[in-house]
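Enquirer: sequence first, then the predicted structure:
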Amino acid sequence: MTQSTHPSRPPWLSTWFVELFAPESQSEPILGDLAEEFSDIASKSGATPACLWYWRQSVKTAFHLAGSAFRVAPWSLVGIVLGGILLRRFSFGLPEWVVVEILHTLRPYSNLHVDAYMWLINYGIPIVHVIVSMLVGCVVAFAAKAREMVATITLSVVLCGLIMAVVVRVATFGLLEVPRVVWSFDDLFAIILGGVIVREIRSALARRLSHT
Amino acid sequence: MANRDYLGEFEHIVLLAVLRLDDQAYGVTVRREIEARTKREVSIGAIYATLDRLEAKGYVQSRAGDPTPERGGRSKRFFRVTSQGVSAVNRTHRALRSLTEGLDLLRSHS
């Protein structure tokens, strides 16, 4: 992008990022204010400074909205996050159980090639782990009305802390299983992805209702 | 209790900016007013988070404006300070005046 180009629209990715954190009632005026200032800066200083300003403001705005969402009802959010931790704790063994059941049903040594069996063991379990974590994220986001992102990010941060504590403890005894730890970090992103999915569905429903 | 509450530093600044702007107070103008007068960079998110808190306390009221093209067809949200908000500003000023009374701030800084 050059200084002379004057984009009529701000970067969509940062707009989407703010939308994820803004409550429905605040989304329109906040994005409108950001768009108005973006347009003003772009006409005075060019596209690049306007985009940089917009990104900086978007990140700061999302941060403030997240903090504000936490302060509104902190105890309900704490309850939802604790519920999420318990849900993940009880669903942690589910992927192994699902894959073992699939293998048992398919009778791998008679119907499937050994490579396929190994693929299910090596990749099937991590994939189901990610799917289960995404579902946990969806449940937590569904419970945290209008605060989907704050709830799922908080849950992921808390779980990240717990994983790091386990990693440090296990690493000191030299028993660290690296692949399993990597799955766990994938799971954290999957939880946030669950929050994004629920948030997007809710926003789409709200937009449809406002149009009718 | 609400009528004994003192304003926080940023709440105080935002309320004064809204008062100064009268019927032209919305996110962009409030942000610019604060930056121009305090030389402090603030984000739209910080202003809305504070204005929402002040609205919940009954210190400001908001209304939706018309959508405009430069805003991507999105409407503005105008704010105005209520009589409770004005009382909160006065109460905070009285408390600050009382606390600074008798202090020679210029001498103690030099």
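Expert: The structure has been received and is ready for your questions. Residues are numbered from 1 along each chain as shown, chains lettered A, B, ... in the order given.
Enquirer: residue B:42 looks like it's in a strand, true?
Expert: No - looking at residue B:42 with DSSP: H, G, I helix; E, B strand; the rest coil, it is coil, so not inside a strand.
Enquirer: would you confirm that it contacts residue B:33?
Expert: No - in this structure residue B:42 lies outside contact range of residue B:33 using CB atoms under 8 Å: 10.1 Å. The C-beta positions use only the backbone N, C-alpha and C, and glycine is treated the same way.
Enquirer: how many neighbours does residue A:150 have?
Expert: 24 (other CB atoms under 10 Å in any protein chain shown).
Enquirer: for it, what are its contacts?
Expert: A:21, A:66, A:69, A:70, A:77, A:144 (CB atoms under 8 Å, 6 or more residues apart in numbering or on different chains).
Enquirer: from residue A:52, how far out is the third one?
Expert: This points to residue A:69. 26 Å (CB to CB, to the nearest Å).
Enquirer: residue A:146 and residue A:21 touch, don't they?
Expert: No - judged on CB under 8 Å, residue A:146 makes no contact with residue A:21 at a distance of 10.2 Å.
Enquirer: show me what from chain B comes close to chain A.
Expert: Residues of chain B lying close to chain A by CB under 8 Å from any CB of the partner chain are B:26-28, B:31, B:43-46, B:48-49, B:52-53, B:64, B:67-68, B:70-72, B:74-77.
Enquirer: need the pLDDT of residue 93.
Expert: If you meant another chain, say so; for now it's chain A. Predicted confidence (pLDDT) at residue A:93: the value is 78.
Enquirer: chain B, not that one
Expert: 91.
Enquirer: for residue A:82, give its distance to chain B.
Expert: Counting by CB to the nearest CB, to the nearest Å, the gap from residue A:82 to chain B is 25 Å.
Enquirer: surely that residue is within a strand?
Expert: No - the assignment for residue A:82, made by three-state DSSP, is helix rather than a strand.
Enquirer: for stretch A:71-90, buried residues please.
Expert: Neighbour-count burial for stretch A:71-90 flags A:72, A:77, A:80, A:81, A:83, A:84, A:87, A:88 (criterion: 16 or more other CB atoms under 10 Å in any protein chain shown).
Enquirer: quick one: least confident of these?
Expert: Of all of the buried residues of stretch A:71-90, residue A:72 carries the lowest confidence score, 78.
Enquirer: for chain A, give me the ranges with low pLDDT.
Expert: Along chain A, segments meeting pLDDT under 70 span A:1-8, A:106-113, A:174-184, A:211-212.
Enquirer: check contacts around residue B:85.
Expert: Counting by CB under 8 Å, 6+ apart, residue B:85 makes contact with B:15, B:54, B:58, B:59, B:60.
Enquirer: got the residues of chain A near chain B?
Expert: Proximity of chain A to chain B, by CB under 8 Å from any CB, involves residues A:9, A:18, A:26, A:28-37, A:39-40, A:57, A:60-65, A:67-68.
Enquirer: among these, which are located in helices?
Expert: Judged by DSSP state H, these include A:18, A:26, A:28-37, A:39-40, A:57, A:60-65, A:67-68 as members of helices.
Enquirer: rewinding a little: between the contacts of residue B:85, which is nearest chain A?
Expert: Proximity to chain A was ranked across the contacts of residue B:85 by CB to the nearest CB; first place goes to residue B:54, at 12.1 Å.
Enquirer: that closest one is in what secondary structure piece?
Expert: If you go by DSSP states H and E, residue B:54 is part of helix B:44-56.
Enquirer: for the contacts of residue B:85, work out which two are farthest apart.
Expert: B:15 and B:58 (12.2 Å; CB to CB).
Enquirer: the strand or helix carrying residue A:125 - contacts with which helices or strands?
Expert: Using DSSP H and E, residue A:125 sits within helix A:125-143. If you count contacts as 3 or more CB pairs under 8 Å, 6 or more residues apart in numbering or on different chains; DSSP states H and E, helix A:125-143 packs onto helix A:74-91, helix A:94-106, helix A:148-172, helix A:178-211.
Enquirer: please identify the most buried of these.
Expert: Mean neighbour count (mean count of other CB atoms under 10 Å in any protein chain shown) peaks for helix A:148-172 among the helices and strands packed on helix A:125-143, with a mean of 18.
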